[in-house]
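Peer 1: sharing a model that was predicted from the sequence below.
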Amino acid sequence: MNKDIKEILISEEKINEMVTRIAAEIDRDYKGKNLVLVCILKGSIAFMGDLMKKVTIPTEIDCMKVSSYGAGTESSVQINIVLDLIRPDLSECDILIVEDIIDSGRTLKYLTGYLLHKGARSVKTCTLLDKPSRRVVELTPDYVGCEIPDEFVVGYGLDYAEKYRALPYVGVLKPEIYSE
């Protein structure tokens, strides 16, 4: 185990089970629709890559990059779209935003409203990890891998200062690493 990780919260095997379950739910709910999976960069890359391989219905993929975190561990209030979703057929798209983790909920609530305002036919949300104890806005994700406690987690795309994303599991980062 990485020396900076206090404990493994979600194993690689458990992640695989969660992604398989979510993909089956998406297949069921989006059959016959014009599904576009929208990956929120960078953290959602690992989840998106595994999820899109398991979804069996026709789907398109796209990406957005949104900035809502500073250099530390606290979520900021400002949401900045760094890479926007530009599609001439947006009004014909059923968007499923794929996120790695939801805590405050600000980013996903903002993006949902933003994409609906831009004209998407529908917008739903999908997250690997949900931290409802940190929610500051009214938001219930449509697809959830699992709820987690209020711990600072890294791995499987999640980072601290751009490190730890490549870990194959989700681990709790030792507090001394991010409170220095």
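Peer 2: Ah, there it is.

Peer 1: check which helix or strand covers residue 87.
Peer 2: Assigned by DSSP states H and E, residue 87 belongs to no helix or strand.

Peer 1: helix or strand next in line after the lowest-mean-pLDDT helix or strand in the chain, which one?
Peer 2: In the chain, no helix or strand scores lower on mean pLDDT, DSSP states H and E than strand 75-83, which sits at a mean of 79. Using DSSP H and E, the helix or strand that directly follows strand 75-83 along the chain is strand 94-102.

Peer 1: which strands border that next one, and is each parallel or antiparallel?
Peer 2: Strands that pair with strand 94-102, judged by DSSP bridges, come out as strand 35-41 (parallel), strand 122-130 (parallel).

Peer 1: give me the most central residue, this structure.
Peer 2: residue 99 (1.2 Å; Cα atoms, centre = their mean).

Peer 1: so who does the residue nearest to it when sequence neighbours are not counted touch?
Peer 2: Once flanking residues are discounted, residue 99 sits nearest to residue 127: 4.5 Å by Cβ to Cβ, 6 or more residues apart in numbering. The C-beta positions use only the backbone N, C-alpha and C, and glycine is treated the same way. Going by Cβ atoms under 8 Å, 6 or more residues apart in numbering, residue 127 touches 98-102, 108, 141, 143-145.

Peer 1: residue 171 now?
Peer 2: Residues in contact with residue 171 (Cβ under 8 Å, 6+ apart) are 1-2, 5-9, 153-155, 164.

Peer 1: PyMOL command to pick out the buried ones of those?
Peer 2: This is the PyMOL syntax for the buried subset of the contacts of residue 171, where burial follows 16 or more other Cβ atoms under 10 Å:
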select buried, resi 5+6+8+9+153+154+155+164
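
Peer 1: looking at the contacts of residue 171, spot the one nearest residue 61.
Peer 2: Lowest distance from residue 61 to the contacts of residue 171 (Cβ to Cβ) belongs to residue 155, with 22.5 Å.
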